[in-house]
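[1] no FASTA, just this:
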């Protein structure tokens, strides 16, 4: 392979992006020592990438660090679920961990259409685990953000005019002021229902 083919191979770009193995990096560095044209091209690529990075840099949005740290803290609280320190459910929630946590609280067989147990209730948040076999009719919330984490079973939720299929592991944030319902499509469903005050 001559130096022009080497330049056009993409290895120099991969070198700048840190995508090469230790051996491949050593090869690029040897080629730069042997061929001044390759070294010059590598310098041009590095300068172009640095210029691009400087032009594209953005100041993070205010509060981004707090949101990231809050998400990390919430994930850590999910590692060892405790009734007196429950995390909020979100798209990162581990449904299997939650199911293991709430299963001892729930009956094996449903004697009624629904069993609902409050996990936590404060001025800001209300979390319940629900095991049900009956559908939920249309409802709309104007003062809370509702979200659902499906632990077992399957359902179809209508949110506004759209229908969505959900099964164990799925998370659904429900927008405020939007009519929604839930139709159970398995023998029963177990889910966490969370309301956060607006």
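    Perfect, thanks for sending it. Note that the coordinates shown come from a computational prediction; the quantities given were computed from them, not determined experimentally.
[2] With adjacent residues omitted, what lies nearest to residue 136?
    Counting by CB to CB, 6 or more residues apart in numbering, residue 136 lies nearest to residue 182, which is 4.2 Å off, once chain neighbours are set aside. (Glycine included, C-beta is placed from N, CA and C.)
[3] Can you list the strands that the helix or strand that contains the one you found pairs with?
    Per DSSP states H and E: residue 182 is located in strand 180-184. Its sheet considered, strand 180-184 pairs with strand 136-139 (antiparallel), strand 154-159 (antiparallel) by DSSP bridges.
[4] and of those strands, who's closest to residue 93?
    Across the strands paired with strand 180-184, residue 93 has its closest neighbour in strand 154-159 (17.0 Å, CB to CB).
[5] which parts of that closest one are buried?
    Within strand 154-159, the residues scored as buried using 16 or more other CB atoms under 10 Å are 154, 155, 157, 159.
[6] Quick check: the first one touching residue 170?
    No: the pair residue 154 and residue 170 fails to qualify as a contact (CB atoms under 8 Å) at a distance of 9.2 Å.
[7] still on that earlier bit, quick one: the next helix or strand after the strand holding residue 182 to strand 154-159, angle?
    Per DSSP H and E, the first helix or strand lying C-terminal to strand 180-184 is strand 189-197. Comparing the axes of strand 189-197 and strand 154-159 via axes from the mean of the first three to the mean of the last three CA atoms, to 10 degrees yields an angle of 30 degrees.
[8] quick one: strands adjacent to strand 189-197?
    strand 125-132 (antiparallel), strand 144-152 (antiparallel).
[9] Turn those strands into a markdown table, including distance to residue 116 and mean neighbour count.
    Converted to a markdown table, these look like this (distance: least, CB to CB, whole Å; neighbours: other CB atoms under 10 Å):
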| stretch | distance to residue 116 | mean neighbour count |
| --- | --- | --- |
| strand 125-132 | 5 | 20 |
| strand 144-152 | 13 | 21 |
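[10] between these, which gets nearest to residue 175?
    Among those, strand 144-152 sits nearest to residue 175 (CB to CB), with 8.3 Å.
[11] Please compute how far that closest one lies from its chain's middle.
    14 Å (CA atoms, centre = their mean, to the nearest Å).
[12] Kindly report the same for stretch 121-130.
    22 Å.
[13] End to end on it, go ahead and measure it.
    15 Å (CA to CA, to the nearest Å).
[14] which residues sit against that stretch?
    By CB atoms under 8 Å, 6 or more residues apart in numbering, the residues outside stretch 121-130 that reach it are 86, 88-89, 102, 105-106, 114-120, 144, 151, 189-197.
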